[in-house]
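Participant: Give me the fold of what follows.
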Amino acid sequence: MIQKNILIVTLITFFTVLISACTQQTETTPEKLVVYSGRKESLVQPIIDQFSAVTGIEVMVKYGQTAEIASMIMEEGENSPADLFWAQDPGGLGAVKAADMLSQLPEESLQKVPTRFRDSKGQWVGISGRARVIVYNTDNIDPERDLPSDLWGFTDPEWKGRLGWAPTNGSFQAMVTALRSTWGEEKTKEWLEGIIANDVGVYPKNTPQVAAAAAGEIDVGFVNHYYLHKFIAAEGENFAARNFFLPDGGPGSLVMVAGVGTLNSAENVENAQKFIDFLLSPVAQQYFAGQTYEYPLVEGVKIHRELKPIEELNAVDIDLTDLSDLQGTVKLLTEVGALE
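Facilitator: Numbers count the residues shown, from 1 in each chain. Below you'll find the predicted structure:
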């Protein structure tokens, strides 16, 4: 009888341990994905929610500025909980890649995007495109008559008190990195100092620059193209600002990409790849084209009717992987007094 009771207790203990182990395994390996995003929540959360609804994968997102998120990933190292880095610009991805923290992506995914919009080593891929433009006030500016063909023209004293910029913005910093790569350090420093000498207005990001241009607070701002289209959609065609794409083909004509890369330390690699493939699907690409007014990078997806085709833009010929030196750009911006 005693032996029987011992056997029963042993079996109960065994099954209790087994159930506990299975429960713990289930709790530690759910269908989930951890994304560190340098993209704004208002822009990308809807498509993340759609991915979760379709796949059943729970996506946890940490939002912040691209440079800030890139620094966080590198500081966390192999202990980072992030599976995937979604950057606003290739500079942040390049910095994390340079730290040897990104893994190789499948060729099938890479081939969906033109070569110039993905990493040459296949460690990150572009998802959507954004053009750097000049936003201008339509009441005060005739673009054909008044606007210079390149960024250097805005150092002319005639623009004193008429300009705006957002030096803390990641896309602006990516543009300055492109200036450094194309012009060199000295000329870039001269340009920054020339713009500061013209009493440039400082804004926290792109959106208030566009609003300021329409209100006549400034005549010109240095922004990404898609913010204007959001204002027009909300306020109508009478919105008193428009975009001008600098025709010289220099660094002010930069076409950047928001891109993604999977971390070497990712715990949910398969889910990260599912997410990448979803972002490169026609459904997600059409979302970027129709809802955020960005350029889709996958062939066959229609762009917004207000946009000029990306092939017709006289964009600067630069390898986007050259935009990884964010620290050098921040150092230069601080040196000239654009950043505190």
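Participant: quick one: the strands in this structure?
Facilitator: Assigned by DSSP state E, the strands in the chain fall at 32-37, 58-63, 84-87, 125-137, 163-165, 201-202, 220-224, 241-244, 255-262, 295-296.
Participant: quick one, which of those strands is nearest to residue 97?
Facilitator: Nearest of the strands of the chain to residue 97, taken as C-beta to C-beta: strand 255-262 at 6.9 Å. For every residue, glycine as well, the C-beta is placed using N, CA and C.
Participant: What separation do you get for the most centrally placed residue in the chain and residue 310?
Facilitator: Among the residues of the chain, the one closest to the centroid is residue 88, at 1.0 Å (C-alpha atoms, centre = their mean). The gap separating residue 88 from residue 310 is 18 Å, by C-beta to C-beta, to the nearest Å.
Participant: Repeat that for residue 141.
Facilitator: For residue 141, the distance to residue 310 - C-beta to C-beta - is 25 Å.
Participant: Then residue 336?
Facilitator: 32 Å.
Participant: what's the answer for residue 31, then?
Facilitator: 35 Å.
Participant: now swap in residue 101 and tell me
Facilitator: Taking C-beta to C-beta, one finds residue 101 at 30 Å from residue 310.
Participant: Can you find the helix or strand in this protein with the smallest mean pLDDT?
Facilitator: helix 2-28 (a mean of 41; mean pLDDT, DSSP states H and E).
Participant: List the contacts of the nearest residue to residue 194 once chain neighbours are set aside.
Facilitator: Closest residue in space to residue 194, ignoring its immediate chain neighbours: residue 155 at 3.0 Å, by C-beta to C-beta, 6 or more residues apart in numbering. Neighbour list for residue 155: 190, 191, 194, 195, 197, 198 [criterion: C-beta atoms under 8 Å, 6 or more residues apart in numbering].
Participant: closest one to residue 114 among the strands of the chain?
Facilitator: strand 125-137 (8.3 Å).
Participant: Dump the C-alpha coordinates for that closest one into CSV.
Facilitator: Output of strand 125-137 as CSV, limited to C-alpha atoms (Å, rounded to 0.1, in the frame of the first residue of the first chain):
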residue,chain,number,x,y,z
VAL,A,125,16.8,46.3,-47.3
GLY,A,126,14.8,49.5,-48.1
ILE,A,127,11.1,49.5,-47.5
SER,A,128,9.9,52.9,-48.7
GLY,A,129,11.6,56.0,-50.2
ARG,A,130,11.6,59.7,-49.3
ALA,A,131,13.0,62.6,-51.3
ARG,A,132,14.7,65.6,-49.7
VAL,A,133,13.0,68.7,-51.0
ILE,A,134,12.6,72.4,-50.5
VAL,A,135,9.2,73.4,-49.2
TYR,A,136,8.3,76.9,-50.1
ASN,A,137,5.6,79.5,-49.5
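Participant: Buried residues of that strand, list them for me.
Facilitator: 125-137 (16 or more other C-beta atoms under 10 Å).
Participant: How about stretch 72-86?
Facilitator: Quick answer for stretch 72-86 (16+ other C-beta under 10 Å): 73, 80, 82, 83, 84, 85, 86.
Participant: Which pair of those residues spans the longest distance?
Facilitator: 80 and 86 (14.0 Å).
Participant: Between those two, which contacts overlap?
Facilitator: What both residue 80 and residue 86 touch, as defined by C-beta under 8 Å, 6+ apart, is the set residue 36.
Participant: From residue 172, how far out is the residue nearest to residue 194?
Facilitator: From residue 155 to residue 172 the distance is 16 Å (C-beta to C-beta).
Participant: what stretches of the stretch 51-200 of the chain score poorly on pLDDT?
Facilitator: For the stretch 51-200 of the chain, no stretch is flagged by pLDDT under 70.
Participant: For it, which segments count as helices?
Facilitator: 66-76, 90-98, 107-110, 143-146, 170-183, 185-197 (DSSP state H, counting those that start in this stretch).
Participant: just so I know, which of these lies nearest residue 261?
Facilitator: helix 90-98 (5.4 Å).
Participant: So which other helices or strands are in contact with the closest one?
Facilitator: Here helix 90-98 touches helix 66-76, strand 84-87, helix 170-183, strand 255-262, helix 326-336, going by 3 or more C-beta pairs under 8 Å, 6 or more residues apart in numbering; DSSP states H and E.
Participant: then the third one to PDB, C-alphas only?
Facilitator: Written as PDB, here are the backbone C-alpha positions of helix 170-183 (Å, rounded to 0.1, in the frame of the first residue of the first chain):
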ATOM      1  CA  GLY A 170      17.200  62.100 -38.500                       C
ATOM      2  CA  SER A 171      16.500  62.800 -42.100                       C
ATOM      3  CA  PHE A 172      18.200  66.200 -42.000                       C
ATOM      4  CA  GLN A 173      21.200  64.600 -40.400                       C
ATOM      5  CA  ALA A 174      21.300  62.000 -43.100                       C
ATOM      6  CA  MET A 175      21.300  64.800 -45.700                       C
ATOM      7  CA  VAL A 176      24.200  66.500 -43.900                       C
ATOM      8  CA  THR A 177      26.000  63.100 -43.900                       C
ATOM      9  CA  ALA A 178      25.400  63.100 -47.700                       C
ATOM     10  CA  LEU A 179      26.900  66.600 -47.900                       C
ATOM     11  CA  ARG A 180      30.000  65.400 -46.000                       C
ATOM     12  CA  SER A 181      30.300  62.400 -48.300                       C
ATOM     13  CA  THR A 182      29.900  64.400 -51.500                       C
ATOM     14  CA  TRP A 183      31.300  67.800 -50.600                       C
END
